[in-house]
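Novice: Test case, fold it:
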Amino acid sequence: MARSDAPALKVERILQLLPDVDALTPLRAFLVSTSTAQPATDPYATVGKREVQPAELRALVPRAVQMVTVHLHALYDAAVEALEAEQRGDLIHTVDALVNAGGLEEAVTRYRQARTWYRQALDIAEGLRDRKPEIRTLRCLGRLEYAYGNHSQAARFFQRSLALAEAEFDTPAVTLACEGLGQIHIALGKLQGAESWFMRGLRHAASDPQLMGPLHVGMCEVERLRDQPEAAARHVVQASALFEQRQDETGIIRALNERAQLQALTGDYEDALATYREALARVHTLASDPRLEMTIRLNLCRLHRWRGRFPDAEDEMRRAEETAIVHNFTHQLARVYLLMGEVRGAQQDDTGFIFFEKAIELCRGTEPALRLEGEVYLRYGQFRLQLGDREEGRAYLERARDVLSGFANGPYLAVVEAELAQFEMT
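Specialist: Numbers count the residues shown, from 1 in each chain. All right, here's what the predicted structure looks like:
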């Protein structure tokens, strides 16, 4: 029996003690999400320094077990539903049940398990005469690979989904595939290709304007990245009007997020800040989209960093950190620490290495994120170079090159090569 006055355990120590096995994965995630930061916050603290009282955790075990039970019950129900559909010869419903199970796993960030469910669904869908289940499954796999940074693989899934959707005259599926391909091209820095996909989607959606909102958001991002604020503004206005007409609250928030980035680009920082705040207020009324909240918070952090308002950036990053921890968003948490490291670098604070190291550790966790790890190495190398550590900076850039070379056409690889080329010239 643990003494009530015994000191709390650090999260990093608990994770070292508990083996990283499937049976304990939910408990490990639960203890991190319920851990607490100390009142006198260490400015260099990361999630590993948060604390947990094992005795309190014991009291929370029934809640953790209940959450796991609910999740497993939903998965088993989907599995049984798939078997029942198979028994009555309804393979379309079998695919739907398997895809729904994959969605359950994806929602709790169990991406490898989600991929397995989706792959199983695809194997069955490919043998059906009705192509819609295959179209949907391919799109799910494309979304999953995109989240992992496997852009080439994601594009192949979306391309196959698009070809089938066009053959079936399935306009909603066509627009979703075009949107996915547009986002992939933005991630690759290929803005002309992104524009082509978004415009293609808009042409298909002409008969159904309700499908156009997300495509206009995509076009706004393209024009913003091209530094064309007037063209971007036209698209965001169109997107907002379409979302308002449909009373699509998630769409409205996405448009606000894009509008705020556009306002920051044109130097309207106070307006951008107000727009981000409005977007966050709307997210809180939804109470069901923490990923969208993370996207907005990370953008707000970047806004403060760009303005050089480092205390404000620190406050916002800590809020983003808390959101990521509570919802077990490991990859987004790594991005928060990446930003923290960059902010420390901008202040010539060499202790920022703590955040880069933690980001790398998170990228190597249960759900590895190689592409993000490569990006962290790139920024870490630049951080070291800022501080005058040339050899160490070069070493991290070379690690970034090793990791990113496995991702064809990635924009960060070109940045790494350019940075390393500077060493050859000096």
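Novice: and the longest helix seen in the chain, what's its mean pLDDT?
Specialist: Counting by DSSP state H, the longest helix found in the chain is helix 54-87. Regarding helix 54-87, the rounded mean pLDDT is 88.
Novice: How far does that helix sit from its chain's centre?
Specialist: 25 Å (C-alpha atoms, centre = their mean, to the nearest Å).
Novice: now stretch 307-315
Specialist: Worked out by C-alpha atoms, centre = their mean, stretch 307-315 lies 23 Å from the chain centre.
Novice: for stretch 410-426, same thing?
Specialist: With C-alpha atoms, centre = their mean as the basis, stretch 410-426 stands 26 Å off its chain's centre.
Novice: avg pLDDT for that stretch?
Specialist: Mean predicted confidence for stretch 410-426 is 81.
Novice: And for stretch 311-319?
Specialist: For stretch 311-319, mean pLDDT rounds to 91.
Novice: And for stretch 330-348?
Specialist: The average pLDDT within stretch 330-348 is 93.
Novice: picking that back up, check which element follows the longest helix of the chain along the chain.
Specialist: For helix 54-87, the succeeding helix or strand toward the C-terminus, using DSSP states H and E, is helix 91-107.
Novice: can you map out the strands along the stretch 151-300 of the chain?
Specialist: Assigned by DSSP state E, counting those that start in this stretch, the stretch 151-300 of the chain shows no strands.
Novice: before we move on, the earlier item: what angle do the longest helix of the chain and helix 91-107 make?
Specialist: 170 degrees (axes from the mean of the first three to the mean of the last three C-alpha atoms, to 10 degrees).
Novice: Mind checking what helix or strand follows the worst-scoring helix or strand of the chain on mean pLDDT in sequence?
Specialist: Here the helix or strand of the chain ranked lowest by mean pLDDT, DSSP states H and E is helix 25-33, holding a mean of 81. Next along the chain after helix 25-33, taking DSSP H and E as the criterion, comes strand 51-52.
Novice: Quick one: residues in contact with that following strand.
Specialist: The contact list for strand 51-52, computed with C-beta atoms under 8 Å, 6 or more residues apart in numbering, reads A8, L9, K10, V11, I14, L31, T34, S35, T36, A37, Q38. Bear in mind the C-beta positions are built from the backbone N, C-alpha and C, glycine included.
Novice: can you pull out the helices in the stretch 301-426 of the chain?
Specialist: For the stretch 301-426 of the chain, the helices defined by DSSP state H, counting those that start in this stretch occupy 310-326, 330-346, 353-363, 370-386, 390-404, 411-424.
Novice: Now tabulate these in a markdown table and tack on distance to R129 and mean neighbour count.
Specialist: Listed next are these as a markdown table, based on distance: least, C-beta to C-beta, whole Å; neighbours: other C-beta atoms under 10 Å:
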| stretch | distance to R129 | mean neighbour count |
| --- | --- | --- |
| helix 310-326 | 44 | 19 |
| helix 330-346 | 38 | 23 |
| helix 353-363 | 43 | 22 |
| helix 370-386 | 37 | 22 |
| helix 390-404 | 42 | 18 |
| helix 411-424 | 41 | 15 |
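Novice: Just tell me which of those helices ends up closest to R291.
Specialist: Closest to R291 of those, according to C-beta to C-beta: helix 330-346, at 7.7 Å.
Novice: Now do the closest one: which elements does it pack against?
Specialist: Helix 330-346 sits against helix 290-307, helix 310-326, helix 353-363, helix 370-386, with contacts defined as 3 or more C-beta pairs under 8 Å, 6 or more residues apart in numbering; DSSP states H and E.
Novice: Now the longest one: buried residues?
Specialist: Within helix 290-307, the residues scored as buried using 16 or more other C-beta atoms under 10 Å are 290, 292-305.
Novice: could you measure C363 against D349, distance?
Specialist: The gap separating C363 from D349 is 22 Å, by C-beta to C-beta, to the nearest Å.
Novice: for A324, same thing?
Specialist: A324 sits 22 Å away from D349, going by C-beta to C-beta.
Novice: for E86, same thing?
Specialist: The gap separating E86 from D349 is 59 Å, by C-beta to C-beta.
Novice: Please apply the same query to Q422.
Specialist: From Q422 to D349 the distance is 24 Å (C-beta to C-beta).
Novice: same question, L211
Specialist: Taking C-beta to C-beta, one finds L211 at 47 Å from D349.
Novice: Run a quick neighbour tally on Y148.
Specialist: By the criterion of other C-beta atoms under 10 Å, Y148 has 19 neighbours.
Novice: For T330, list the residues it contacts.
Specialist: By C-beta under 8 Å, 6+ apart, the residues touching T330 are T109, A324, L362, G365, T366, E367, A369.
Novice: residues touching the fourth one, list them.
Specialist: Residues in contact with G365 (C-beta under 8 Å, 6+ apart) are T330.
Novice: 10 Å instead?
Specialist: L15, D20, R28, T330, H331, L333, A334 (C-beta atoms under 10 Å, 6 or more residues apart in numbering).
Novice: before we move on, what about the first one?
Specialist: Residues touching T109, when contacts are defined by C-beta under 10 Å, 6+ apart, comprise A29, A147, R291, H327, N328, F329, T330, H331, Q332, T366, E367.
Novice: Count the residues that sit near the fifth one.
Specialist: This points to N328. N328: 18 neighbours (other C-beta under 10 Å).
Novice: Just give the nearest non-adjacent residue to it, would you?
Specialist: Distances taken as C-beta to C-beta, 6 or more residues apart in numbering place A29 nearest to N328, at 4.7 Å, with adjacent residues excluded.
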